[in-house]
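Asks: heads up, no residue letters with this:
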């Protein structure tokens, strides 16, 4: 009985166990037709491998710690959207009766704006190689707060003083938050690694704290219409 | 502190197990390059391949424990990510059909005739791959990326005993398609 081409190819690939390989080797020494087939398969395998190598590009260097500890690099805005976990914040905001929805509604009916006292922006120093975490304002009236690295000791705390709407998204993981009076308190210790809080640039005041340390205050750094960003210092510096 | 948000069930797992961290790092060292190479060949887009490979490892890390077949698991995750990406209109046409954004490795600069020949060969290889059904294409690329039959079976949801048959079919079909395209261009 002659081996199948699949068995011969498995032999070529070294995928047969030692006993099966020995039996097949013996057969090949006695059967010219199978030996010819095995030779042809071996040649074809090498040829295919050579052709496929023509497609190769250099393997990029991406170290494991960076992959494990830093933010996951989003594949593409469209794919990122597909990967985005539309979290409780967004869901809650959309569902009447939830805590966040009530909070948003209360903001929409809230008190008049507090006066804004624009001063010189104070940007915390960013670390070399740090992922682009922080706050960015990609478009007028859209403020995005993004933490791209886990913050072991901190929470993201948003307080507003006038009408505000908010949405909360996390990319690639989970997030938890707590809605209190006038605040959304986001637990940033979970491994989501990337959170975004979107609120209109028209809100009266935005403050961001890591633990008890303020890292951003919109009264010191006005929320302008132009794109802007602020980096959050890594936990090791705190 | 009572966080009121509803959390997706099972989405979070502690990842502070030292043995897992060690295994993860070892897996990353051993498997990132093969995964990237497989994805690079599959998509023809090295940037997408790198991103998908990295995202697959991020998901493995988030999982918090090693699967039985890490290599196969990573490929399965990566294939799903690529599949999702293919569905995106903006990138769909780039996959396997567009010139790579960077020249493949080993391309010597400043030799137009050699570049043209190499470019035509790459085009023929891609076209020949495109003529295979997806599973055969994936199996062929995995095998020639150094994956074992067991890993290929795990990655593609095949019985291990059927991997050989799949590879024979894929290899014959690819070679025949390439030869046809190569002769047509002469």
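Replies: Structure received. Quick caveat, the model's predicted, so the values are computed rather than measured.
Asks: Point to the residue nearest the middle of chain B.
Replies: Centroid-nearest residue in chain B, with CA atoms, centre = their mean: residue B:39, separated by 2.6 Å.
Asks: give me the low-pLDDT residue ranges for the chain?
Replies: Looking at chain A here, since you left the chain open. A:62-216, A:218, A:221-238 (pLDDT under 70).
Asks: please go with chain B instead
Replies: B:1-18, B:88-114, B:185-186.
Asks: can you give me the helices in it?
Replies: In chain B, the helices defined using DSSP state H lie at B:18-43, B:46-63, B:70-86, B:89-92, B:112-130, B:134-143, B:149-156, B:160-185.
Asks: Could you export the ones you listed as a markdown table, including distance to chain A?
Replies: Every C-beta, even on glycine, is put in place using the N, C-alpha and C of the backbone. As requested, these are exported to a markdown table (distance: least, CB to the nearest CB, whole Å):
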| stretch | distance to chain A |
| --- | --- |
| helix B:18-43 | 4 |
| helix B:46-63 | 4 |
| helix B:70-86 | 5 |
| helix B:89-92 | 6 |
| helix B:112-130 | 5 |
| helix B:134-143 | 7 |
| helix B:149-156 | 5 |
| helix B:160-185 | 3 |
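Asks: domain ranges for chain A?
Replies: What the record gives for chain A is the domain set A:5-59+A:79-110, A:132-237, from automatic domain parsing.
Asks: So what's the residue count around residue B:177?
Replies: A total of 18 residues lie near residue B:177 under the criterion other CB atoms under 10 Å in any protein chain shown.
Asks: can you pull the contacts of it?
Replies: B:127, B:128, B:131, B:132 (CB atoms under 8 Å, 6 or more residues apart in numbering or on different chains).
Asks: Need the contact partners of the lengthiest helix in chain A.
Replies: Longest helix of chain A, by residue count under DSSP H: helix A:32-53. For helix A:32-53, the surrounding residues in contact (CB under 8 Å, 6+ apart) are A:2-3, A:5, A:8-9, A:11-13, A:27-29, B:41, B:121, B:125, B:128, B:140-141, B:144, B:168, B:171-172, B:174-175, B:178.
Asks: buried set for that helix?
Replies: Within helix A:32-53, the residues scored as buried using 16 or more other CB atoms under 10 Å in any protein chain shown are A:34, A:37, A:38, A:41, A:44, A:45, A:48, A:51, A:52.
Asks: okay, those in a markdown table with distance to residue B:31 next?
Replies: As requested, these are exported to a markdown table (distance: CB to CB, whole Å):
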| residue | distance to residue B:31 |
| --- | --- |
| A:34 | 35 |
| A:37 | 33 |
| A:38 | 30 |
| A:41 | 27 |
| A:44 | 27 |
| A:45 | 23 |
| A:48 | 22 |
| A:51 | 24 |
| A:52 | 19 |
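Asks: ok, of those, which one's closest to residue B:20?
Replies: Residue B:20 has its nearest neighbour among the buried residues of helix A:32-53 in residue A:52, at 33.4 Å by CB to CB.
Asks: How much space separates the closest one from residue B:144?
Replies: Distance, residue A:52 to residue B:144, by CB to CB, to the nearest Å: 5 Å.
Asks: Residue B:30 now?
Replies: Counting by CB to CB, the gap from residue B:30 to residue B:144 is 18 Å.
Asks: between these two, which one's more packed in?
Replies: Set residue B:30 next to residue B:144 and count neighbours by other CB under 10 Å: residue B:144 wins out with 21 against 12.
Asks: what's near enough to touch the more buried one?
Replies: A:48, A:49, A:52.
Asks: how much space is there between the second one and residue B:177?
Replies: Relative to residue B:177, residue A:49 is positioned 16 Å away (criterion: CB to CB).
Asks: Report how many residues lie close to residue 54.
Replies: As the question left the chain open, I've gone with chain A. Residue A:54: 17 neighbours (other CB under 10 Å).
Asks: right idea, wrong chain: chain B
Replies: Going by other CB under 10 Å, the residues that sit close to residue B:54 add up to 22.
Asks: repeat for residue B:25
Replies: Residue B:25 has 16 neighbours, counted by other CB under 10 Å.
Asks: Check residue B:65 too.
Replies: By other CB under 10 Å, neighbour count at residue B:65 equals 12.
Asks: wouldn't it be in contact with residue B:21 here?
Replies: No. If you go by CB atoms under 8 Å, residue B:65 and residue B:21 don't touch, sitting 11.2 Å apart.
Asks: Would you format the helices of chain B as TSV with distance to residue A:21 included?
Replies: Listed next are those as TSV, based on distance: least, CB to CB, whole Å:
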stretch	distance to residue A:21
helix B:18-43	24
helix B:46-63	33
helix B:70-86	23
helix B:89-92	43
helix B:112-130	30
helix B:134-143	18
helix B:149-156	14
helix B:160-185	14
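Asks: rewinding a little: which ones are touching the residue nearest to the centre of chain B?
Replies: Neighbour list for residue B:39: B:48, B:49, B:52, B:53, B:78, B:82 [criterion: CB under 8 Å, 6+ apart].
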